[in-house]
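Novice: Okay, sequence plus prediction incoming.
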Amino acid sequence: MAPSPSPQLENIISAVLKSGDVQLLDAFLEMNTCKDISIKCSQQFLNKLDKLVTQSLDQTEITTANLGLASLYKCGKNLKLPSGQGLSGLISQGLIKKISIFH
């Protein structure tokens, strides 16, 4: 049985934050692993995704920021907070606040 995409995605985002190497995230998104699977995410996961995108935008690492946003685009509709809220809950939690400021 394949591992759940939720911990995989969180671990990959953690690795990108530590190393700056986006190849794993790019490969994960190419596999389209999030399709039709509900992914439970923790506040820690949301913080990591937010940090990846905002840090990348601050450092003008557009490819990294784009991959962070692509993970939200591809997996966002399937992400669920512990409260059961979906994408609207993620937005209300302040996920990727910087986008409106940066844009």
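Specialist: Nice, thanks for sending it over. Numbering: from 1, shown residues only.

Novice: mind checking which helix or strand the residue nearest in space to the middle of the chain is in?
Specialist: The geometric centre of the chain, computed from its C-alpha atoms, lies nearest to residue 49 (Cα atoms, centre = their mean), at 4.3 Å. Applying DSSP states H and E as the criterion places residue 49 in helix 43-58.

Novice: So which other helices or strands are in contact with that helix?
Specialist: Contact partners of helix 43-58 among helices and strands, from 3 or more Cβ pairs under 8 Å, 6 or more residues apart in numbering; DSSP states H and E: helix 5-19, helix 62-75, helix 98-102. Where C-beta positions appear, they are placed from N, C-alpha and C, glycine not excepted.

Novice: Format these as a markdown table; extra columns: mean pLDDT, distance to residue 85 and mean neighbour count.
Specialist: A markdown table is the format used below for the helices and strands packed on helix 43-58 (pLDDT from 0 to 100; distance: least, Cβ to Cβ, whole Å; neighbours: other Cβ atoms under 10 Å):
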| stretch | mean pLDDT | distance to residue 85 | mean neighbour count |
| --- | --- | --- | --- |
| helix 5-19 | 85 | 15 | 17 |
| helix 62-75 | 86 | 15 | 18 |
| helix 98-102 | 54 | 19 | 11 |
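
Novice: Next, count neighbours for residue 59.
Specialist: 11 (other Cβ atoms under 10 Å).

Novice: Give me the distance between it and residue 20.
Specialist: 9 Å (Cβ to Cβ, to the nearest Å).

Novice: Kindly report the same for residue 30.
Specialist: With Cβ to Cβ as the criterion, residue 30 and residue 20 are 19 Å apart.

Novice: ok, now residue 14?
Specialist: Distance, residue 14 to residue 20, using Cβ to Cβ: 12 Å.

Novice: Over to residue 67?
Specialist: 12 Å.

Novice: measure residue 79 to residue 35 for me?
Specialist: The gap separating residue 79 from residue 35 is 13 Å, by Cβ to Cβ.

Novice: Looks to me like residue 34 is in a strand.
Specialist: No: assessed by DSSP: H, G, I helix; E, B strand; the rest coil, residue 34 does not belong to a strand; its assignment is coil.
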